[in-house]
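Engineer: Predicted model and sequence below, questions to follow.
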Amino acid sequence: MKMLNKTLNGTSETALCPLEENYKHILLPLAYSLVFVLGLFLNGAMLWLCCCTKEWTCTTIYLVNLAVADLLYIFSLPLLIISYAMQDIWIFGELLCKMVRFLFYNNLYGSILLLTCISVHRFLGICYPIRSLAYMTRRLAVIGTAISWILVLMQLLPSLIYARTGFINNQTVCYDLTSPDNFRNYYAYGMALTVSGFLCPFLIILICYCLMIRSLLQTTGKTSHMSSAVRAKSIRTILLVCGLFAVCLAPFHITRTVYLYVRVHRKADCPLLQGASLFYKIWRPLVGLNSCFSPLLYFLSSQTNRVRLIQELRLHKADLLPRPAVKGKESDIPSGGSSLAAE
């Protein structure tokens, strides 16, 4: 019972525990398809409105970068959908395997760092509205964005080495983290990535939001001049970011950390390994929902953005609708009027 060939573990060595993963072939294609449709629509709508905006704010710069990272990840999802629908078979080559895995983590940790920039920006604006004016410029927002992407690239360069294809049961697969023979080396990298890419930014965001909430609850002091609309906008931003961490980011990193630990140190405990694998691989597609978050932050943080979206959609719909025919001669239509105006 304890002896199992490479069909289940992905190596030529015997394995102690079989992993039942048939759920992936149904759950993951459906989950990734949902993320693809929602993410493409929401991020496309946000970029469309941002391109129509003449003057970008600092927050707009951060959110546009978030949307670009989201779309790069979203465009890679069809490869995963096809692979999981084909029972984990990978037909796209090792280069695309590395690209898909890299874009996932690029979106994940790029989003976390850019949300950290947005949180610090909001913190300075609320808690230090006068002293922070010199730092609330678009130039510094661009610099902050560039630094964020450089840090993400430095963090993720090893993932391009660890990500690879392999053979299971004479079929090519794209390993989720790395090949089984390299898993112990990946363990140290995975722990370091969790600390630098998630825990440190999360602590910064948590400190900023605690101080922001304290300032917003004060009736006198630095935020006493704020209108109820501005306070509501700040509270919505805090709730949205906290919701993202609670629903997507924190559970993913917890389940991945447990899975890595069990795979390396407790791999002979079959029920524990099966449970850790199940929870991690269920949360992995759910964390992709963070690609739908930046548009929600954009639209829900301001009523103006929601109104602009509705207006643009109505105008676009009106342009697509066929114009009704008008009875009578063309000269009966008032000059400069349309057929709708003639009616």
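Structural biologist: Arrived safely. Numbering: from 1, shown residues only.
Engineer: ranges for the helices of this protein?
Structural biologist: Counting by DSSP state H, the chain has helices at residues 6-9, 24-52, 58-85, 93-127, 138-162, 183-194, 200-217, 228-244, 250-265, 270-287, 293-300, 303-320, 339-342.
Engineer: Can you flag the weakest of these by average pLDDT?
Structural biologist: Sorting these by mean pLDDT places helix 339-342 lowest, at a mean of 30.
Engineer: rewinding a little: closest one to Asn170 among the helices of the chain?
Structural biologist: helix 6-9 (9.5 Å; CB to CB). The C-beta positions use only the backbone N, C-alpha and C, and glycine is treated the same way.
Engineer: I'd like the helices of the chain laid out as JSON lines, including mean neighbour count and distance to Thr172.
Structural biologist: What follows is the helices of the chain, written out as JSON lines (neighbours: other CB atoms under 10 Å; distance: least, CB to CB, whole Å):
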{"stretch": "helix 6-9", "mean neighbour count": "16", "distance to Thr172": "13"}
{"stretch": "helix 24-52", "mean neighbour count": "17", "distance to Thr172": "16"}
{"stretch": "helix 58-85", "mean neighbour count": "21", "distance to Thr172": "10"}
{"stretch": "helix 93-127", "mean neighbour count": "21", "distance to Thr172": "9"}
{"stretch": "helix 138-162", "mean neighbour count": "16", "distance to Thr172": "17"}
{"stretch": "helix 183-194", "mean neighbour count": "17", "distance to Thr172": "19"}
{"stretch": "helix 200-217", "mean neighbour count": "16", "distance to Thr172": "36"}
{"stretch": "helix 228-244", "mean neighbour count": "16", "distance to Thr172": "35"}
{"stretch": "helix 250-265", "mean neighbour count": "19", "distance to Thr172": "22"}
{"stretch": "helix 270-287", "mean neighbour count": "18", "distance to Thr172": "19"}
{"stretch": "helix 293-300", "mean neighbour count": "21", "distance to Thr172": "33"}
{"stretch": "helix 303-320", "mean neighbour count": "11", "distance to Thr172": "43"}
{"stretch": "helix 339-342", "mean neighbour count": "12", "distance to Thr172": "58"}
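Engineer: Of all those, which one comes closest to Asn169?
Structural biologist: helix 6-9 (4.6 Å).
Engineer: Let's have the helices of the chain in TSV, adding distance to Cys17.
Structural biologist: Below are the helices of the chain laid out as TSV (distance: least, CB to CB, whole Å):
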stretch	distance to Cys17
helix 6-9	8
helix 24-52	17
helix 58-85	22
helix 93-127	24
helix 138-162	22
helix 183-194	14
helix 200-217	32
helix 228-244	34
helix 250-265	10
helix 270-287	4
helix 293-300	36
helix 303-320	50
helix 339-342	69
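Engineer: Out of the ones you listed, which is closest to Ile168?
Structural biologist: Per CB to CB, nearest to Ile168 of the helices of the chain: helix 6-9, 6.4 Å.
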